[in-house]
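Novice: predicted coordinates and the sequence they were generated for:
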2 protein chains.
Amino acid sequence: MSGLPGYTGAARRVLERAGASVGDYVELVTSDGRVFRGILMPRYALSQKPIVVLKLDNGYNVGVRVDEHAQVVVLKTREAVLREAAAGAPAPVPLLEEQPRREGLPRVSVLGTGGTIASKVEYETGAVKPAFSSEEILEAVPEVGFIAEIKARVVMNILSENMRPRYWERIVEEVAREIEGGAEGVVVAHGTDTMAYTAAALAFALRGLPVPVALVGAQRSSDRPSSDAAFNLLAAVLYAARYEGAEVAVVMHGETGDTYALAHRGTRVRKMHTSRRDAFQSINDRPLARIYPFERRIEPLQEPLRRRGAEELRVENGFEEKVALVKYYPGMDAEVIDFLVDRGYKGIVLEGTGLGHVGEWLVDSIKRAVDSDVVVVMTSQTLFGRVNMNVYNTGRKLLAAGVVPAEDMLPETAYVKLSWLLARYEPREARRLIRVNLAGEIGERHTLDLYPRWPL
Amino acid sequence: MSGLPGYTGAARRVLERAGASVGDYVELVTSDGRVFRGILMPRYALSQKPIVVLKLDNGYNVGVRVDEHAQVVVLKTREAVLREAAAGAPAPVPLLEEQPRREGLPRVSVLGTGGTIASKVEYETGAVKPAFSSEEILEAVPEVGFIAEIKARVVMNILSENMRPRYWERIVEEVAREIEGGAEGVVVAHGTDTMAYTAAALAFALRGLPVPVALVGAQRSSDRPSSDAAFNLLAAVLYAARYEGAEVAVVMHGETGDTYALAHRGTRVRKMHTSRRDAFQSINDRPLARIYPFERRIEPLQEPLRRRGAEELRVENGFEEKVALVKYYPGMDAEVIDFLVDRGYKGIVLEGTGLGHVGEWLVDSIKRAVDSDVVVVMTSQTLFGRVNMNVYNTGRKLLAAGVVPAEDMLPETAYVKLSWLLARYEPREARRLIRVNLAGEIGERHTLDLYPRWPL
């Protein structure tokens, strides 16, 4: 990528005047005299505000508002920056290289967003920092070149704990761009901390998805000998290139050895361990498939929701940020609910106890929330099983107050779904759609048998 | 129990003037003319307010403030109420009977607190309401009489979703009273929704516990054919009567059949399914024991923290209510933290992502919380595994801001522990003790192998 993608209006004119392209190292002086230096980044925001995005030397992105009087000077061209980076200079550059096309292989796009899969240990402090580009990973895993024609680019570089709904929107855009550009599968390299939330976001926003999309990460950084980055990436590319269905999945180690990976449906997956390689597991659902990367083999474990090419992509992007996920605990005060209502939240996902309960002293505040058009959804902190608010009096009181039970949906998925619904529907319709299965997030049947076996 | 336990001041004088005893069915007319009818309940609150507690005909308890001019009339004595109940009259009575002592058996006290194990279906509405007394359960499970000399009483009747720290304190008192009265084991019948929180509360407050304490419940109400109440109660009484260790445990079905129950350490257990009988499971720990109720056999699965009689009971009761459990999610706004600090919360347990992270935009608010002497503790929403905040920059920033990592402690246990610590220690000491293993809540070793096997 080069040119000035995403830039319009005053920002574009200022950059054009300087002959700047994305990837150049520039100095920007605003009309009120502030000075910024950094790499010119592409502009992904949906708003048309005149903002120039720079990646500063410290690795952070900054959006600087400009007018026609702002001055930009190109200090180093993108090519010079890349040359220096290749020579070992530290540069958190948006390296946007394409590998040569290999004829006949499925086209798979790999998008880097940051996280451990693209990270290395910072030896001064011993901490892990994002640094590797997707290309470097691909160089380290040459096998993927035999599975697919890979096109890789870095679309952002943030640790997944810093992922937010506005970044989900950018990833949705980028994945859609790849699919519209002919990708037959997409791999999104992502930090593991919030990967399951992003997977759910993609699953809801990419309606009629025609190709498989794999989110992949690493529990150990890729310059450690024990890293799972290569194994997982190979499995994810296999899923993207060859899986028969067209679903968003998290593709990660299925057990602690290097035997197989699992593709988990994006709306049903959860990070269940702080450090194990097989931290990601499906809840209330079977994984979509077991993937044996070294044998280049995919074993389906259930029917996909949708086959490749069955539908046409309809992007329904946008997530409401005024939605909260609130886990109930025995000493919880109703003021927590009142606060969210007073602050203008439009949706609250409760992570209640058991079949979907909270202390009855919260009922009045919940009723007030519902009466204020806040959509209040009930999930369970047990994670496994289905809420049923008709069994006990407390559940019935909450139903009467207007709480919407989220069936057997994960709390995290319900949070993402409600954010997505409230960005496009009135509360009444959002309440209805919470209980409608849109992306495999709700099981039609009882899933009592999908419970793990616990060690004794 | 009879007399007027717990009543002092004006409330006691009003009741004494009427010749009323706990268990009598009384009419109370307040000095401003309001009329209440119900069964006089014992008074457990720590405050000295002049309040009379009645169990109304609808099954709910009410606390009525009285002055010297209030009038009480005994409409039916406790004996008459019991006679009518025995003859089948519907009466949610605090039946405080003792069974005849069987010589030579260990003395086990069973305390009823409410919940499904002591509930039945309300046929008009189809909902489950608390109604059975512990005695009725014991009548239904005569086997327990061969295992222990049972003394049973109902200490409260609330659904466990309505359990709160102030009720934990009452349960701690009642368990301690039984132990001081010679009980060689205690069973607490409790609703399942928040049973794990209460188990942790007892584990911290009953220092030097000399006998086993079992919390037990039912996932199906005891008048349904599929109820697990009898099986679980039998297992719990076995644990209380015969287990070699002296720990607080949750004793519930270990699998879906009626083969064995498991005793889970109270600080390591979690309700993991909305409806399965084996919903309770140990996290990052092995269960203490497997119990075969029909064979009257206990198979230890690990060493207990403490043997029976090894120490003397020291009750350290009291839980700070101004403590919050906050689960992180990608769109979380820092205002949620600010609000808690502004409202005078003394402790916040964060349920972060992965190894113990939250979005970096929260760091300033967290630092402000710590600077205001709020103790901020980090756990992981993965549940399994140990937080480690030294691996990534975000973790290190949070440590620098003063966040205390809670090792491999469950978020719910960390919440209970912090509530307990802040009721008795200064913030500095509470911060230190969060990381010290006090009741088996922290594992000394890595427990990577204690991860369930997930179905494919």
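Specialist: That came through fine. This is a predicted model, so every value here is computed, not measured.
Novice: for the stretch 351-456 of chain A, which residues are neighbours of chain B?
Specialist: A:351-361, A:380-388, A:390-394, A:396, A:412, A:415, A:419, A:448-456 (C-beta under 8 Å from any C-beta of the partner chain). (Each C-beta comes from the backbone N, C-alpha and C, glycine too.)
Novice: could you list which of those belong to helices?
Specialist: A:393-394, A:396, A:412, A:415, A:419 (DSSP state H).
Novice: got any ranges where chain A has weak pLDDT?
Specialist: Residues of chain A meeting the criterion pLDDT under 70: A:1-2, A:44-47, A:58-61, A:86, A:88-103, A:115-140, A:221-226.
Novice: what's the single longest helix in it?
Specialist: Longest helix in chain A by number of residues, with DSSP H as the criterion: helix A:165-180.
Novice: report the backbone C-alpha coordinates of that one in PDB.
Specialist: Only the C-alpha atoms of helix A:165-180 are listed here, as PDB (Å, rounded to 0.1, in the frame of the first residue of the first chain):
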ATOM      1  CA  PRO A 165     -14.800  -1.600  19.500                       C
ATOM      2  CA  ARG A 166     -13.400   1.200  17.300                       C
ATOM      3  CA  TYR A 167     -10.500  -1.100  16.300                       C
ATOM      4  CA  TRP A 168     -12.900  -4.000  15.700                       C
ATOM      5  CA  GLU A 169     -14.500  -1.700  13.100                       C
ATOM      6  CA  ARG A 170     -11.100  -1.200  11.400                       C
ATOM      7  CA  ILE A 171     -10.400  -4.900  11.300                       C
ATOM      8  CA  VAL A 172     -13.900  -5.500   9.800                       C
ATOM      9  CA  GLU A 173     -13.100  -2.900   7.100                       C
ATOM     10  CA  GLU A 174      -9.700  -4.500   6.400                       C
ATOM     11  CA  VAL A 175     -11.000  -8.100   6.200                       C
ATOM     12  CA  ALA A 176     -13.900  -6.900   3.900                       C
ATOM     13  CA  ARG A 177     -11.400  -5.100   1.700                       C
ATOM     14  CA  GLU A 178      -9.400  -8.300   1.300                       C
ATOM     15  CA  ILE A 179     -12.400 -10.400   0.500                       C
ATOM     16  CA  GLU A 180     -13.700  -7.800  -2.000                       C
END
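Novice: and A:Val154, how many residues sit next to it?
Specialist: For A:Val154, the number of neighbouring residues by other C-beta atoms under 10 Å in any protein chain shown comes to 24.
Novice: list phi and psi for it.
Specialist: Dihedral pair for A:Val154: phi -90, psi 120, per degrees, to the nearest 10.
Novice: residue ranges for the strands of the stretch 51-200 of chain A, please.
Specialist: All strands of the stretch 51-200 of chain A, identified by DSSP state E, counting those that start in this stretch, fall at A:51-56, A:61-65, A:71-76, A:107-112, A:119-122, A:127-130, A:149-154, A:185-189.
Novice: among the residues of the stretch 351-456 of chain A next to chain B, name the buried ones.
Specialist: A:351-359, A:380-388, A:391-394, A:412, A:415, A:419, A:450-452, A:454 (16 or more other C-beta atoms under 10 Å in any protein chain shown).
Novice: of the residues you listed, which belong to strands?
Specialist: In this view, those that belong to strands under DSSP state E are A:351-352, A:380.
Novice: wait, isn't A:Glu312 in contact with A:Leu209?
Specialist: No - applying C-beta atoms under 8 Å as the test, A:Glu312 and A:Leu209 come out as separate, 9.6 Å apart.
Novice: who's more crowded, those two?
Specialist: A:Leu209 (28 against 9).
Novice: distance of the nearest residue to that one once chain neighbours are set aside from chain B?
Specialist: Closest residue to A:Leu209 apart from its sequence neighbours, by C-beta to C-beta, 6 or more residues apart in numbering or on different chains: A:Ala246 at 5.0 Å. Computed as C-beta to the nearest C-beta, to the nearest Å, the A:Ala246 to chain B distance reads 22 Å.
Novice: cool, and A:Arg314?
Specialist: In terms of C-beta to the nearest C-beta, A:Arg314 sits 24 Å off from chain B.
Novice: can you pull the contacts of that residue?
Specialist: Neighbouring residues of A:Arg314 by C-beta atoms under 8 Å, 6 or more residues apart in numbering or on different chains: A:207-208.
Novice: relative to chain B, which of the strands of the stretch 51-200 of chain A is closest?
Specialist: strand A:127-130 (5.1 Å; C-beta to the nearest C-beta).
Novice: nearest spatial neighbour of A:Ala214, skipping sequence neighbours?
Specialist: Per C-beta to C-beta, 6+ apart, closest to A:Ala214 is A:Ala236, 4.0 Å.
Novice: what angle do the host helix or strand of that neighbour and strand A:107-112 make?
Specialist: Using DSSP states H and E, A:Ala236 maps to helix A:229-242. Computed by axes from the mean of the first three to the mean of the last three C-alpha atoms, to 10 degrees, the angle separating helix A:229-242 from strand A:107-112 equals 140 degrees.
Novice: tabulate the CA atom coordinates of stretch A:296-307 in CSV.
Specialist: Taking C-alpha atoms only, stretch A:296-307 is exported to CSV below (Å, rounded to 0.1, in the frame of the first residue of the first chain):
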residue,chain,number,x,y,z
ARG,A,296,-2.1,-30.5,5.8
ARG,A,297,-5.4,-32.2,7.0
ILE,A,298,-8.7,-30.7,8.2
GLU,A,299,-11.1,-32.9,10.1
PRO,A,300,-14.6,-31.3,10.4
LEU,A,301,-16.2,-31.8,13.8
GLN,A,302,-19.6,-30.2,12.9
GLU,A,303,-21.5,-28.7,10.0
PRO,A,304,-20.5,-25.1,9.3
LEU,A,305,-23.2,-22.5,9.4
ARG,A,306,-22.5,-21.5,5.8
ARG,A,307,-20.5,-23.0,2.9
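Novice: how near is the residue most central in space within chain A to A:Arg297?
Specialist: The centre of chain A sits closest to A:Thr198, judged by C-alpha atoms, centre = their mean, with a distance of 2.4 Å. Counting by C-beta to C-beta, to the nearest Å, the gap from A:Thr198 to A:Arg297 is 27 Å.
Novice: repeat that for A:Asn437.
Specialist: Taking C-beta to C-beta, one finds A:Asn437 at 30 Å from A:Arg297.
Novice: give me the beta-bridge partners of A:Phe36?
Specialist: A:Phe36 has these beta-bridge partners by DSSP bridges: A:Leu28.
Novice: ok, it touching A:Glu27?
Specialist: Yes - the pair A:Phe36 and A:Glu27 passes the contact test of C-beta under 8 Å, sitting 7.3 Å apart.
Novice: now the common contact residues for the two.
Specialist: Counting by C-beta under 8 Å, 6+ apart, A:Phe36 and A:Glu27 have no common neighbour.
Novice: coming back round to it: so the residue nearest to the centre of chain A sits against A:Glu161, correct?
Specialist: No - in this structure A:Thr198 lies outside contact range of A:Glu161 using C-beta under 8 Å: 11.8 Å.
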